[in-house]
Structures are given as structure tokens and as C-alpha cells.
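In: missing the sequence, but the structure's below:
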């Protein structure tokens, strides 16, 4: 900081994951424009800080408003649509554009062989993911005039009971980040007489506010009354909606509402699990004592059968999220988990350990977890719980080692060995682990490995592999992957659950029409966003019990991915924060650490004019000397200031 390199200093502070350091670094920067650029970095990372009091306080009121607008991400939707307009993809797509059924060979499902509600549900998700963030589509946001002329039944009511929840919630994903445009669309469904629709509308409000803070704070005002609703569906929708709307903000009000639900042992496990998950999202890596105590008390007070349910895993996951990346701080809580009921104790220890060391590359922890995966545990129907900790151990290996490329390669090799010799439970978790290593990065080896696993004899391995294919290709429009998914759709045309998952994976692969990614890493793979990891892990934890969660009535858990969804773009703005089009060179990143001279940092580049799309492993450089970027790393939104020494050369 003595060198006045505030951007580098703030990146280190975010890497250390210490709020105090982040706030002091931000407060130390005195250049107005640089401070705005730091604001964009905080917004991308999902960190909120107090601009009115404390070390980061800003005296000038108009400047404080500008900074608040930047850090709260309220312009994100506008910038995203500018990118879409520039690339000419504003036209809404329908699910058929993604399925491309005419390209698959004759094995079409004939007649009523297919559960059409399941089919409609799949289309709901595909539609939501493909049009995410665009604010319009051809299924759910259709206005009443167009309806009266054509079809009489609105798309939401073409789904069965719990399907309506997901269909209504898809409104929230379609108008992602756009609070002012999205709420009027959702509002009318809050007054519906159908509880499933109300639940979906509450979840939709949470989705619209996901990753964006609005000064009027609409989400809390609209959702908070429904948390104590008698209908379990409405309650679940409200809880998850709150968790997504305030992910990473550490809002006290949310804690006051949800902690009693976690503690109340008369509550169903489902409500307690979701409430804990929401708290985990809101207080990611904050080590908040009251929440930790509440979840531990809940785990101690529940009986054997309840702790064997899939929802107990969400209680544990939430506990782990509170310590995400905090390393040694977790020790005291780990000791307490050893005293829990034997059904869950081992599971809780593994989850806490692997989340606390997430992204640290700690080799000793990886060895411990590998030891757990290699154990051969004799289990019968009644004693399945003895081996339940092996799945999180596999995911733990990837969580710890995904920070650097060599660690990831070694983890992939270990996973291949485990595939050959591992127990069934270990094998089921391997596709999920592969997905976590390569989020939104469909490399050839990974896609091949998952494609093989998707035809596995064990259906659970196959189901997880299909979901994993979706996460690996999320938002990349990868043609090879799309082809593989199409052939899977015709291969599994008689199995409704697998076909549903294949459809969802197709939707993920074309997410946001290829403009949105799920990768938790940003700023040149240097920073790991905790909220994104939390969203991904919520879905991967649900996949450990696919039949009971996503395959049954809780498919809306897929919307947790919204916490990780970010546009993979590079936008340049001028000093007034207006869009500015400049040439940039975009190419594959090259590692130039400790090389002498001024080596080229990218290879095989092409020159484009901003705004541009950036894929995984790409890096950008300015192609003109007319401006100076205020951020050393060109990604997300970068402020440019004119270069005072620039002389226009006429050739």
C-alpha cells in the first residue's frame, strides 16, 4: 500500500478473506477514480462494506452514492444488456432452439411414453437458464394481450403442483439482476390462490435480488412475512429466496428471522435444512457465532432418522460455509462435531475440514481425505451411514486443490484412480468432483471422462455425470458438448429422470445464451468468490441424494446456481462511467512469472472492440495507448482514463 498500488493491495486483502483488512485498504485509497475501480472489484467479489461509518467512510455525499451504486451492482443488468445488444443476441430463445430435436436420429419418444409434466418442467429450467438476465422470453413473461389471441393457459399452469413453484421462480432468473424491471412481473403472482405459485414468486424475488443490493431493500420487505407461513412449500420458497437475495451480505435481520427455524425441533428437517442453507449463503465465511451455535444445537437435538435424511447434509453444509476458507479457525467447532451422533459426526468433520481449507492447496489435508476415500467399509441396507462421509471427502480433495493448475491436474489423476478402485459411494461423487474442478471450462479430457460416466451401469453415477456435464459447460455454448448431450437425450428417451437431467444440462450449457459463466474464480483466477462456491456446493450436495431432492419435488434447489452466475464479459467505461468502445487484444493467457524483460502475457490473440466475451483461461490487453486502465487485470468492468502523454499519429 505504500507504493499506492491499491488494486493489488485489495486483491491480497480479498485473498486473505479478512473484512477488516479489506475495509482499511479501501479507505486508504484517496484517488476518486481508483476508488471506483476498487468498488467494481468488490462488486464482482460480492463483498459489501459500510461507506457511512468506519475506516471506509466517504464524506462527499454524491461520491458516496456513486460508490454505493457500483458496489451494490445495481448497473449490472444494464451493462449485461449492453453486451447482449453489441453481440446481437437479444432475441429470446425457446427450449426447442436448445434441444434441436431434428438433429437427433429417429429415436423420438412416441406418443404418451413421456410424462409431459416432467417434460414441461425440464423446458421451464432450460428456458430460465437460456434467457437468464435478459428480462424477456417466450414462455413465462408473455403479456396477457398475446395470450388472449393464442393459447388460453399460461405456461406456469402447464406444470403440476411443485412444478409451478419452479416455473414461477424462473421469472426471477429471467430478470436476474434487474430489480426494478423484474419485481412488477413477479408481484401479481404473490396474490395467487395457489400456494405453489406463491412459493415460486417468493423464490423469484430472491433470485432477482441475487448479487445486487437495492437501496429500497424490496426483498426483505416482501419476503419476511411469509417465512412463518403455515404452508411448507411457501415457507421453503421464502427461506431460500431470502438466502439468495442476501447471499454474502451478513444481514442481521435475516439471522433473527431464520435462526429460530433452525433451532425449533418441531420443524420438519426440510425447513430446518433450507433455513440453515440460507444462513450459510448469507453469512459465508463470517464464522458468525450465533449461527454456528444454532446449527450445532439443531444437529445435537435431532434424532437418528432425521439425521439420516438428505436435509441433515444441508445443516452440515451450512456449518461448513460459515468457515469457508478460514483454515485454523474451524478447529474448535471440529472438536464439537466429534461429539455428534455417529450417523452424522464423521460426515460433519469431513465437510468442515474441506470447506475451511477450500482453495488453500493444503497437501496434508488432501492426504487425509484420500485416506478416507480409499477405505473399504462393509455396509448393509441399515448401516449405509457408515460410508456416508466418503462422498464429501472426494469433493473435499477438489475443493482444496482447485486453486492452482498443477493441483487441479493432480486431483484429476487421483479421481481417475478412485474411479477404478473406489467403492460405489466414492464413484458416485467423482463426476461432481470433476465438475467442481472445471466449472464453465469444458476441456476435452473432462468432457470425455464425463461422457463415459454418463453411460455408467450405476444409474446414480450416470445421473451425476449428466449434471456435471451441464456445470462443466455452463454458459459456454460448447458445440461438442451440445452434441454429446443431444445423443444422450435420444439414448435415455425412456428414462424420465435422466432425460429431465439431460435437458437441464442442455439449458446450463447454453446459459444466458453463452454470455454467463458459473466459475467461482475471477480476476485472472486469483480470487475465489465464496458466494459462488456456496451456490455450487448447494447443488452438488443435493446431487448426493438426487432421488430425494432434484429428482423429486425439490428441483428448485437448482436455482442456487444463481449465486454463482456472473456475466463473463469485459466492459470498458470512461471517467463518467459511461460505456466506452476501445480495441482490446484477447488471447490465451501465458504464465510469465519471473521471466526477464517484458514477455508477452497472451498468445494467439485477436483484436476486438469492447464489450467482449472472455472464456476460461483467456486474458485481455488494451490495444491502444490512448487510454490507461485503472485495473492491472482487464476483466469484468474496467475504468479507463485518457493517457496524458498520448500523441495522435497520422499515418
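Out: In hand now; what should we look at? Fair warning: this is a prediction, and the values are worked out from it, not measured in the lab. Numbers count the residues shown, from 1 in each chain.
In: rest of the way, CA atoms for contacts and neighbours
Out: Noted.
In: nearest spatial neighbour of residue 522, skipping sequence neighbours?
Out: residue 528 (6.6 Å; C-alpha to C-alpha, 6 or more residues apart in numbering).
In: surely the one you found and residue 534 touch.
Out: No: assessed by C-alpha atoms under 8 Å, residue 528 is found out of contact with residue 534, at 11.0 Å.
In: looking at those two, which one has more neighbours?
Out: Set side by side, residue 528 and residue 534 show more neighbours around residue 534, with 31 against 21, by other C-alpha atoms under 10 Å.
In: give me the pLDDT for that one.
Out: Per-residue pLDDT puts residue 534 at 88.
In: so it is in which element?
Out: Using DSSP states H and E, residue 534 sits within helix 530-543.
In: neighbouring contacts of the longest helix out of those in the chain?
Out: Longest helix in the chain by number of residues, with DSSP state H as the criterion: helix 405-421. For helix 405-421, the external contacting residues (C-alpha atoms under 8 Å, 6 or more residues apart in numbering) are 361, 373-374, 394, 397-398, 401-402, 426-427, 430, 434, 437.
In: closest one of those residues to residue 464?
Out: residue 430 (8.5 Å; C-alpha to C-alpha).
In: that closest one: neighbour count?
Out: 27.
In: phi first, then psi, for it.
Out: phi -60, psi -40 (degrees, to the nearest 10).
In: distance check, it against residue 391.
Out: 8 Å (C-alpha to C-alpha, to the nearest Å).
In: same check, this time on residue 293
Out: From residue 293 to residue 391 the distance is 25 Å (C-alpha to C-alpha).
In: who has more neighbours out of the two?
Out: Regarding residue 293 and residue 391, a neighbour count based on other C-alpha under 10 Å identifies residue 391 as having more, with 25 against 15.
In: excluding its backbone neighbours, what's nearest residue 423?
Out: Using C-alpha to C-alpha, 6+ apart, the nearest residue to residue 423 is residue 376, at 7.0 Å.
In: my guess is residue 206 meets residue 237, correct?
Out: No: when contacts are counted by C-alpha under 8 Å, residue 206 is not listed as touching residue 237 (9.0 Å).
In: tell me what the helix holding residue 534 is packed against?
Out: Contacts defined by 3 or more C-alpha pairs under 8 Å, 6 or more residues apart in numbering; DSSP states H and E place helix 530-543 against helix 269-282, helix 310-322.
In: in its sheet, what does the first helix or strand past it going along the chain sit against?
Out: Downstream of helix 530-543, the first helix or strand assigned by DSSP H and E is strand 566-567. In the sheet, strand 566-567 lines up against strand 516-517 (antiparallel) (DSSP bridges).
In: can you give me the buried ones in stretch 338-348?
Out: 340-341, 343-348 (16 or more other C-alpha atoms under 10 Å).
In: from those residues, which is closest to residue 496?
Out: Distances from residue 496 to those, taken by C-alpha to C-alpha, are shortest for residue 347, at 31.0 Å.
In: quick one: that closest one and residue 436, what's the gap?
Out: Residue 347 is 19 Å from residue 436, by C-alpha to C-alpha.
In: again, but for residue 211
Out: Residue 211 is 21 Å from residue 436, by C-alpha to C-alpha.
In: which one of those two has more residues nearby?
Out: residue 211 (31 against 23).
In: tell me the predicted confidence for the more buried one.
Out: 77.
In: next, it: secondary structure please.
Out: With DSSP: H, G, I helix; E, B strand; the rest coil as the basis, residue 211 sits in coil.
In: I figured it was touching residue 73, is that so?
Out: Yes: using C-alpha under 8 Å, residue 211 makes contact with residue 73 at a distance of 7.2 Å.
In: looking at the buried residues of stretch 338-348, which are in helices?
Out: Per DSSP H, the buried residues of stretch 338-348 map to helices at 343-348.
In: before we move on, back to that, next, format the helices and strands packed on helix 530-543 as a markdown table and append distance to residue 226, mean pLDDT and mean neighbour count.
Out: Formatted as a markdown table, the helices and strands packed on helix 530-543 follow (distance: least, C-alpha to C-alpha, whole Å; pLDDT from 0 to 100; neighbours: other C-alpha atoms under 10 Å):
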| stretch | distance to residue 226 | mean pLDDT | mean neighbour count |
| --- | --- | --- | --- |
| helix 269-282 | 13 | 87 | 29 |
| helix 310-322 | 21 | 87 | 26 |
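In: adding distance to residue 135 as columns, could you present the ones you listed in CSV?
Out: Formatted as CSV, the helices and strands packed on helix 530-543 follow (distance: least, C-alpha to C-alpha, whole Å):
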stretch, distance to residue 135
helix 269-282, 25
helix 310-322, 31
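In: for residue 159, which of the ones you listed is the nearest?
Out: Nearest of the helices and strands packed on helix 530-543 (C-alpha to C-alpha): helix 269-282, 22.5 Å.
In: quick one: end-to-end distance for stretch 598-618.
Out: End to end - C-alpha to C-alpha - stretch 598-618 spans 19 Å.
In: the helices in the stretch 151-300 of the chain, which residues?
Out: 161-174, 179-187, 195-208, 218-223, 232-245, 252-263, 269-282, 289-301 (DSSP state H, counting those that start in this stretch).
In: how about the stretch 351-500 of the chain?
Out: Using DSSP H, counting those that start in this stretch, helices in the stretch 351-500 of the chain cover 363-374, 390-401, 405-421, 424-437, 444-453, 459-472, 479-491, 496-509.
In: how far away is residue 270 from residue 316?
Out: 13 Å.
In: same check on residue 341?
Out: In terms of C-alpha to C-alpha, residue 341 sits 13 Å off from residue 316.
In: same deal with residue 478?
Out: 35 Å.
In: same question for residue 435.
Out: 21 Å.
In: ok, residue 596 next?
Out: On the measure of C-alpha to C-alpha, residue 596 and residue 316 end up 48 Å apart.
In: can you check residue 309 too?
Out: 12 Å.
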